[in-house]
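Participant: return a 3D structure for these sequence lines:
(chains A and B)
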Amino acid sequence: MSRVRIPPTLRSEVAGAREVEASGGTVRELLDDLLGRFPSLRGQLLEDEELAPFVNVYVEGEDVRTKDGLETPVDDGSTVILLPAMAGG
Amino acid sequence: MQSYRDLLQSAKASIQEVDARGAQELLDGDDAPLLVDVREREEWEQGRIPGAVHVPRGYLESRIEGVAPDRARPVLLYCAQGNRSAFAAKTLSELGYERAISLAGGYVDWQRSGLPTDLPRSLGPERATRYSRHLLIPEVGEEGQLRLLDSRILLIGAGGLGSPAALYLAAAGVGKLGIVDADVVDETNLQRQIAHSTNSLGEPKTDSARRTIEALNPDVEVVPFRERLTSENIERILEPGWDVIVDGADNFPTRYLVNDASVWHEIPVVHGSIFRFEGQATVFKPGAGPCYRCLFPQPPPPELAPSCSEGGVLGVLPGVIGSIQATEALKLALGIGEPLIGRLLLYDALSGEFEEMKLRRDPACPVCGESPTITDYVDYVEFCAGVGH
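Facilitator: Sure thing, here's the model as predicted:
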């Protein structure tokens, strides 16, 4: 199990939770688990089954785009942060 | 008993004097003397001979060794008319300086001869008082403060983030502040947009912000752009030349325009954004770190952008993030410290936590990458304006 931090712009899709648990050995597996339970998040995170260009995923503080993208391994107990673009000023 | 005149004559008789032309020849020649201005601070501040060091005569004995440790090197001293410097030259001879020369006629004669001068590069007494808490910090000091007064910072948006950023940059003495905002002040702004006030309701934000800034610090020149940033006007707005851009926009189309322009014009952008209780800030410095598109290559499609009705922001949150932006902008303008380049600072007001994410430059970035695919401005479709309005 890993802890997935939900950014404020996406909380309405997960009943207001700031953090949810999800399991998976890679980012893809972890997101599959998450999206199975919160299907309305899909369009906010994925585009053609790849990470959408307006969102970043960090595993233990590292941008998965600079690793292996969706195939980046996720150790049990990791903190995963979803970071969508945010425009408010 | 000797009179002043006797004392001066005997001093002048015991030292070497040169006139302005002779002094310039010495300064231009081999074995150029160290040039020392022995006048008072107020005189020094009104102009001096280029290359001079300032040692007021009252401190001559105690400070000269610090600036002229080599007693064999000639020292050329000047004051206003050549009298104080004659006494100073005599003192230096007594201290063992082998060649202490006085500029006969002093600075007055130097100026009259049409020789070059450095005009005031000092703050003057009023500014020295206003910025005294900056002058006390070695990393800023008088030189840094002069640098701030010469610096030009462009603020995108005079809303939640732009308000505190503008106020602190103005208070700090940034000489020129550009403000881009097309909106007028409305009542819902006042819960957080502290550059505006109840009596500026209905007024353009650029006017309202300018009035607040000018009341705070008359040293600041405000350059208002009462318009929305577009691909059509962005080059004109950048035309005056800006050292730093502070991005406090409330929408994606503007943020992408700012990013692309900053890469092409090599202007660092201090980025900030806010939503409810959370905010983020970073510095995108072209060449030194990632740009906004390295992080988010494209904006989200309009239908996925957070809906306006779910927006909202804690009024003080932009105060925290906008102040961090002002801090980073000042660091960039001064060239000090470690700017937030390649680091995204996240702040969660509810948990009271800061967190830092590493950002890396993307070699495949469509704008700043190795083979850019975006080479002209893109006007993205306008959608939810977010919480800035």
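Participant: which helix or which strand is home to residue 89?
Facilitator: Picking chain A for this. Assigned by DSSP states H and E, A:Gly89 belongs to no helix or strand.
Participant: chain B, not that one
Facilitator: B:Ala89 belongs to helix B:84-94 when assigned by DSSP H and E.
Participant: which helices and strands does that helix pack with?
Facilitator: Here helix B:84-94 touches helix B:4-14, helix B:60-67, strand B:75-78, strand B:100-103, going by 3 or more Cβ pairs under 8 Å, 6 or more residues apart in numbering or on different chains; DSSP states H and E. Every residue, glycine included, has its C-beta placed from N, CA and C.
Participant: show me what from chain A comes close to chain B.
Facilitator: Listed as neighbours of chain B in chain A under the rule Cβ under 8 Å from any Cβ of the partner chain: A:7-9, A:12, A:43-44, A:52-56, A:58, A:61-63, A:65-66, A:81, A:83-89.
Participant: count the residues that sit near the nearest residue to B:Asp183 once chain neighbours are set aside.
Facilitator: Among residues not flanking B:Asp183 along the chain, B:Lys205 sits closest, at 5.2 Å (Cβ to Cβ, 6 or more residues apart in numbering or on different chains). Other residues lying near B:Lys205 total 27 when counted by other Cβ atoms under 10 Å in any protein chain shown.
Participant: what residues are up against B:Lys205?
Facilitator: Contacts for B:Lys205 (Cβ atoms under 8 Å, 6 or more residues apart in numbering or on different chains) come out as B:158-159, B:179, B:181, B:183-185, B:189, B:193, B:195-196.
Participant: got the phi and psi for the residue most central in space within chain B?
Facilitator: What sits nearest the mean C-alpha location of chain B, by Cα atoms, centre = their mean, is B:Leu148, with 2.2 Å. B:Leu148 adopts backbone torsions of phi -60, psi -40, taken as degrees, to the nearest 10.
Participant: would you mind listing the buried residues in the host helix or strand of B:Pro125?
Facilitator: For B:Pro125, the host element (DSSP H and E) is helix B:124-130. Buried residues in helix B:124-130, counting neighbours by 16 or more other Cβ atoms under 10 Å in any protein chain shown, are found at B:127-128, B:130.
Participant: which SS state does the spatially closest residue to A:Phe54 that is not a sequence neighbour fall under?
Facilitator: Leaving aside its sequence neighbours, A:Phe54 sits nearest to B:Pro300 (Cβ to Cβ, 6+ apart; 4.0 Å). Recorded secondary structure, B:Pro300: coil (DSSP: H, G, I helix; E, B strand; the rest coil).
Participant: from the contacts of B:Lys205, pick the one nearest chain A.
Facilitator: Of all the contacts of B:Lys205, chain A sits closest to B:Gly159, with 5.7 Å by Cβ to the nearest Cβ.
Participant: related to what we said a few turns ago, restricted to helices, list the residues of chain A next to chain B.
Facilitator: Judged by DSSP state H, helices contain the following of the residues of chain A next to chain B: A:43-44.
Participant: filter the residues of chain A next to chain B down to the buried ones.
Facilitator: With neighbours counted by 16+ other Cβ under 10 Å, the residues of chain A next to chain B contain buried members at A:7-9, A:44, A:52-56, A:58, A:63, A:65-66, A:81, A:83-89.
Participant: among those residues, which are in strands?
Facilitator: The strands, defined by DSSP state E, take in A:55-56, A:58, A:63, A:81, A:83-84 from those.
Participant: the closest residue to B:Gly162 other than its chain neighbours: neighbour count?
Facilitator: Spatially, and ignoring its direct neighbours in sequence, B:Gly162 is nearest to B:Gly248 (4.1 Å; Cβ to Cβ, 6+ apart). Per other Cβ under 10 Å, the neighbour tally for B:Gly248 reads 33.
Participant: quick one: pLDDT of B:Gly248?
Facilitator: With respect to pLDDT, B:Gly248 scores 97.
Participant: excluding its backbone neighbours, what's nearest B:Leu146?
Facilitator: Excluding its sequence neighbours, the residue lying closest to B:Leu146 (Cβ to Cβ, 6+ apart) is B:Arg121, at 6.3 Å.
Participant: tilt between the biggest helix by length in chain A and strand A:55-59?
Facilitator: Using DSSP H to define each element, chain A has its longest helix at helix A:27-37. Helix A:27-37 and strand A:55-59 are oriented at 120 degrees to each other (axes from the mean of the first three to the mean of the last three Cα atoms, to 10 degrees).
Participant: surely B:Val381 touches B:Pro253?
Facilitator: Yes - with contact defined as Cβ atoms under 8 Å, B:Val381 and B:Pro253 form a contacting pair (7.4 Å).
Participant: more neighbours: those two, which one.
Facilitator: A side-by-side neighbour count of B:Val381 and B:Pro253, using other Cβ under 10 Å, places B:Pro253 first with 20 against 9.
Participant: lowest-pLDDT helix or strand in chain A?
Facilitator: strand A:62-63 (a mean of 89; mean pLDDT, DSSP states H and E).
Participant: who does that one pair up with?
Facilitator: Applying DSSP bridges, strand A:62-63 is found paired with strand A:55-59 (antiparallel).
Participant: dump the C-alpha coordinates for the partner strand into PDB.
Facilitator: The C-alpha trace of strand A:55-59 is given here as PDB (Å, rounded to 0.1, in the frame of the first residue of the first chain):
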ATOM      1  CA  VAL A  55      -0.200  16.500 -14.600                       C
ATOM      2  CA  ASN A  56       2.900  15.300 -12.800                       C
ATOM      3  CA  VAL A  57       3.300  12.300 -10.500                       C
ATOM      4  CA  TYR A  58       6.000  12.300  -7.900                       C
ATOM      5  CA  VAL A  59       7.100   9.100  -6.100                       C
END
